[in-house]
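Visitor: Provide a 3D model corresponding to the input given below.
(chains A and B)
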Amino acid sequence: MRKGSIRHIVALLLALALVAAACGDDSADTTTATTAAPAATTTTQAADTTTTTEAPMACEATIGFIGPITGPVAFIGEVQNNWFDYAIDSFNAETGYDIQTVIGDNQFDPAQSGTIAAQFLDNSDIVATVGPAGSDQTDAAGAVFEAGDPNFTFISPSSTRIGITDKYNGMFRTVPSDTDQAPLAADFMIGEGAQKVFIVDDQSSYSVALADLVSAALEAGNVAVTRESVSQDVTDFSALVATIDADTDFIYLPWQVAANGQILSNQMVEQGKNAVIVGSDGMDSGDFTTPGSYVAGFAIDIATLPASAEVLAGFLAQYPDTNTFGPPVYVAAQVIYDAIVRVCAAGEVPDRANVQAEVRKTDLAETILGSPVSFKANGDLEVGQFFLFQIQDDGSKTLLP
Amino acid sequence: MEFFLQQTVNGVTLGSVYALLALGYSMVYGVLKLLNFAHGEVYMFGAFAGYGVLTVLGGASALSVPVWLAIVLMFLAAMATSSAIGVALERFAYRPLREATRIAPLISAIGASFFLQASALLMFTANSRTYDTPQLIEIQTGIALGPIRVWMVRILVIVSAVVLMILLTLWVNRTRLGKAVRAVSFDREAAAMMGIDVDKVIVVVFLIGSALAGIGGVMVGLVFGRIFHLMGFVAGLKAFTAAVVGGIGSIPGAMLGGLLIGLAEAYTTGYISSTFQNVIVFGLLIAVLLVRPSGLLGRPELVKV
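Guide: Residues are numbered from 1 along each chain as shown, chains lettered A, B, ... in the order given. Next up, the predicted model:
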């Protein structure tokens, strides 16, 4: 091949790459440094939720955020990112500090999570992190954090897998674990008189673990259970749907990609299958809207909590919408922020070790979630609860008693 | 019987999409003896092109034109986009390596596949998109096939795929350019000596194969709903499997292979378990290669000694 031809090819490839990058969405970046400037227009405070420590003159630190801002569950990551920014802006406005933030988009990919975790570890300014969201992603990041610095605190606002906090010294979470979610789903189905349940996991560790627990609970309740498994990359469930018996009462989907749940639901309608879908908290999204279905959630809609109204109003004044995945982020950010403030109040410079020590002492009597937040030794919430919602015709959710 | 019929419909629908993709693999291999591993990404871009048209027209819930027109426009956009990408691939990633060692274009194809995936990630982000087809065509619309009801969209996919395959077969067998394609696939050098513009024929093959892949992308979006930047990888592997099972280089083989793979997936899920789907499909590939290396309808390669 002539050298001139090679040059032309390389030049063209570079040009194409530049065009592609220019047309790209900025949210695909893996890390983006953002400055949490004090909010000029919004000063909000969760009722009785912040510490009353007098803020000293200066307090510098950086808090990281890892979430699926883009990817198959971007509906979670975008809202979580917004709540994170809103929280830090609000707290900076209250205290007058300028706590910085660094954002990492893991695209819901465990490998990306590990990469971002390594980047955050290398950044000595970052004293703690909110996130990641999913259990597999948290596991991947946790392994990196634990190996690099067990004092690095990361608070997941939505990882519910059982036992994950036991693995990592620095892990905490502002949501309950699946030890609470599994019995809720199983007891509901048994209470509704289920005789036959079809359970499909999506081959993620979160999903398989939850499916195992629910399956065991149902079988203990003399319910006939059929188990199946599909990859998250599958988009055709018609063959699987055809295997669902006509007299199946419920389909339990502990899935992380709610859009797949909607596809399965559509294909059930297509084939005339009437089983009712019960989804895990991963299905609690605007991508899954089948009326009459049920989804679990680790928090109730804070719009129903008067004490949280002001915070919510402030958030919605800046951002278009929210979902149940957002408020736990606010609380996670609050836990870290308060820890940093207490460290500064004690006259110390925030670092990973002293911030983690303060995080362990967290004792918030009331949060915007409507429940207190304090942590067990392993980082799990002392008090946690899952809720079950039924999806209505207009897409809204009704909390079941 | 009802269960078997339902799984058959499921398998034929999926198999139709695989067949369209496999045709592209087979046609390119026929003329270039090259496995175009970027073909799955061509299909993925077609799906996004169709989605783009749907969005411009107002989206599934607020379409500004009749549904049939929207679908036609989506197909046309997908064909144009995928063809352009396919032709560009041929010109810049494969043609310069035509006289190189056999492995060079293969590596280039793999590189092109990753390049296209990464480009799609930059352009569309990792967010998946949904065609939301039930808003276009209600799930309850369809025809009764014995005890089961088949959704209109599945009928559209199957019929479109069959019509396209028939048209392609007629084109290859009855037209001058089709004859040229067959000549080039038989013996490229001899075809060139007979005055056939080999470069032009190869471009046409990429154009048509890629257009079919683009249509396949829109079909997947319509039937199954969700499209994302990595969707071409697994589909490409399955289509490649279909092409090899049917006989790489054989157009009827690609069609047969696609249908077989689609049915194998459906029947495996139905009668064994969904977790065995890929085991069975790729096991079928290995079995065919061991028993009949040229594929079910492929021509054994004759070597002069």
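
Visitor: In stretch A:281-289, which residues are buried?
Guide: Within stretch A:281-289, the residues scored as buried using 16 or more other C-beta atoms under 10 Å in any protein chain shown are A:281-285, A:287-289. All C-beta atoms are positioned from the backbone trio N, CA, C, and that covers glycine.

Visitor: And the helices in chain B, which stretches?
Guide: Ranges of helices in chain B, per DSSP state H, are B:2-32, B:39-56, B:67-89, B:103-124, B:133-136, B:152-174, B:176-186, B:188-193, B:198-224, B:231-246, B:251-271, B:277-291.

Visitor: Redo these as a markdown table? Include mean neighbour count and mean pLDDT.
Guide: Formatted as a markdown table, the helices of chain B follow (neighbours: other C-beta atoms under 10 Å in any protein chain shown; pLDDT from 0 to 100):
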| stretch | mean neighbour count | mean pLDDT |
| --- | --- | --- |
| helix B:2-32 | 25 | 91 |
| helix B:39-56 | 26 | 96 |
| helix B:67-89 | 21 | 96 |
| helix B:103-124 | 18 | 92 |
| helix B:133-136 | 19 | 89 |
| helix B:152-174 | 17 | 91 |
| helix B:176-186 | 18 | 90 |
| helix B:188-193 | 14 | 90 |
| helix B:198-224 | 26 | 94 |
| helix B:231-246 | 26 | 91 |
| helix B:251-271 | 24 | 92 |
| helix B:277-291 | 15 | 90 |
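
Visitor: For the ones you listed, give me JSON lines that also has distance to chain A.
Guide: Output for the helices of chain B, formatted as JSON lines (distance: least, C-beta to the nearest C-beta, whole Å):
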{"stretch": "helix B:2-32", "distance to chain A": "4"}
{"stretch": "helix B:39-56", "distance to chain A": "11"}
{"stretch": "helix B:67-89", "distance to chain A": "8"}
{"stretch": "helix B:103-124", "distance to chain A": "3"}
{"stretch": "helix B:133-136", "distance to chain A": "6"}
{"stretch": "helix B:152-174", "distance to chain A": "8"}
{"stretch": "helix B:176-186", "distance to chain A": "22"}
{"stretch": "helix B:188-193", "distance to chain A": "19"}
{"stretch": "helix B:198-224", "distance to chain A": "4"}
{"stretch": "helix B:231-246", "distance to chain A": "6"}
{"stretch": "helix B:251-271", "distance to chain A": "4"}
{"stretch": "helix B:277-291", "distance to chain A": "8"}
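
Visitor: Make a markdown table out of these and add distance to A:Ser238.
Guide: Compiled in a markdown table, the helices of chain B are given as follows (distance: least, C-beta to C-beta, whole Å):
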| stretch | distance to A:Ser238 |
| --- | --- |
| helix B:2-32 | 4 |
| helix B:39-56 | 18 |
| helix B:67-89 | 20 |
| helix B:103-124 | 26 |
| helix B:133-136 | 13 |
| helix B:152-174 | 8 |
| helix B:176-186 | 35 |
| helix B:188-193 | 42 |
| helix B:198-224 | 8 |
| helix B:231-246 | 15 |
| helix B:251-271 | 8 |
| helix B:277-291 | 13 |
